[in-house]
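Undergrad: Quick one: sequence plus predicted model below, questions after.
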Amino acid sequence: MLEFAILGFLFDSRLHGWELRTRIAALTGHVRPIADGTLYPTIKRLADADLVLKNIEAGSIAAPRHMLEISPAGEAKLLHMLREPAEVFITDENHWYCLLAFLRHLEDPAAQAAVLRRRLVFLETPASFFYDGDKPLRAEDVDDPFRRGVLQVARATSRAELAWLKATIAELEAQAGRETVRN
């Protein structure tokens, strides 16, 4: 997810390391704080793989700094990851939000809708955090008020996301249809 977020933010604009760290922390930091010991080696790996370019520029006040930008190979990799996201980006909420933060870079509305449809299928599959044997438990089935709370909040969140997914998929499919007619 860190490599994905780095490529996504650099697709948006050139940044120096501190700006990049701040943006990643704003997106994912509440769940996974980003330590310098994790971020900078990841940037180095991406640069060594020619996915990120590092340029030294004079600082406005301080010493020169490394400006980071995504390379054409990095753009291609990000677009591939957006078009065909790994299953964890569909099923894990934190990965999913990271994916959504950059899905606009995939300019084809039909491809965007296909990604959203994968999430829709995942959310419509019966599941629970708690089970009685193989049977998923609903909030109404649980006596523990804390587990019931987990299930009630998850249900409300899922309902809101399902409504958003269905509406957005319809919009994207209509847009893709209009573009097909124009071509």
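TA: All right, it came through fine.
Undergrad: Only C-alpha atoms from now on, for both contacts and neighbour counts.
TA: Noted.
Undergrad: where exactly do the helices run in the chain?
TA: Along the chain, the segments classed as helices by DSSP state H run 2-12, 17-28, 36-48, 72-83, 87-91, 93-102, 109-124, 145-182.
Undergrad: Now do the buried residues in the longest one.
TA: For helix 145-182, the neighbour count (16 or more other CA atoms under 10 Å) marks 148, 151, 162, 165, 168-169, 172-173, 176 as buried.
Undergrad: One more: the second one?
TA: By neighbour count on 16+ other CA under 10 Å, the buried set for helix 17-28 is 17, 20-21, 23-25, 27-28.
Undergrad: Check the fourth one too.
TA: By neighbour count, and taking 16+ other CA under 10 Å as the criterion, the buried residues in helix 72-83 are 74-75, 78-79, 81-83.
Undergrad: Can you give the contact residues for it?
TA: 4, 7-8, 11, 50-52, 99, 102-103, 105-106, 111-112, 115 (CA atoms under 8 Å, 6 or more residues apart in numbering).
Undergrad: Give the rounded mean pLDDT of that helix.
TA: Helix 72-83 carries an average pLDDT of 97.
Undergrad: could you dump it to PDB, C-alpha only?
TA: Output of helix 72-83 as PDB, limited to C-alpha atoms (Å, rounded to 0.1, in the frame of the first residue of the first chain):
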ATOM      1  CA  PRO A  72       6.600   7.100 -17.200                       C
ATOM      2  CA  ALA A  73       7.200   3.500 -15.900                       C
ATOM      3  CA  GLY A  74       5.800   4.500 -12.500                       C
ATOM      4  CA  GLU A  75       2.700   6.000 -14.200                       C
ATOM      5  CA  ALA A  76       2.200   2.800 -16.200                       C
ATOM      6  CA  LYS A  77       2.600   0.700 -13.000                       C
ATOM      7  CA  LEU A  78       0.100   2.800 -11.100                       C
ATOM      8  CA  LEU A  79      -2.400   2.700 -13.900                       C
ATOM      9  CA  HIS A  80      -2.100  -1.100 -14.100                       C
ATOM     10  CA  MET A  81      -2.500  -1.300 -10.300                       C
ATOM     11  CA  LEU A  82      -5.700   0.900 -10.600                       C
ATOM     12  CA  ARG A  83      -7.100  -1.100 -13.500                       C
END
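Undergrad: So what angle separates the directions of it and helix 2-12?
TA: Between helix 72-83 and helix 2-12, the angle comes out at 110 degrees (axes from the mean of the first three to the mean of the last three CA atoms, to 10 degrees).
Undergrad: what is the orientation angle of helix 72-83 with helix 36-48?
TA: Using the same axes, to 10 degrees, the direction of helix 72-83 lies 110 degrees away from that of helix 36-48.
Undergrad: got it, and the first one?
TA: Using the same axes, to 10 degrees, the inter-axis angle of helix 2-12 relative to helix 36-48 is 60 degrees.
Undergrad: What mean pLDDT does helix 2-12 get?
TA: 95.
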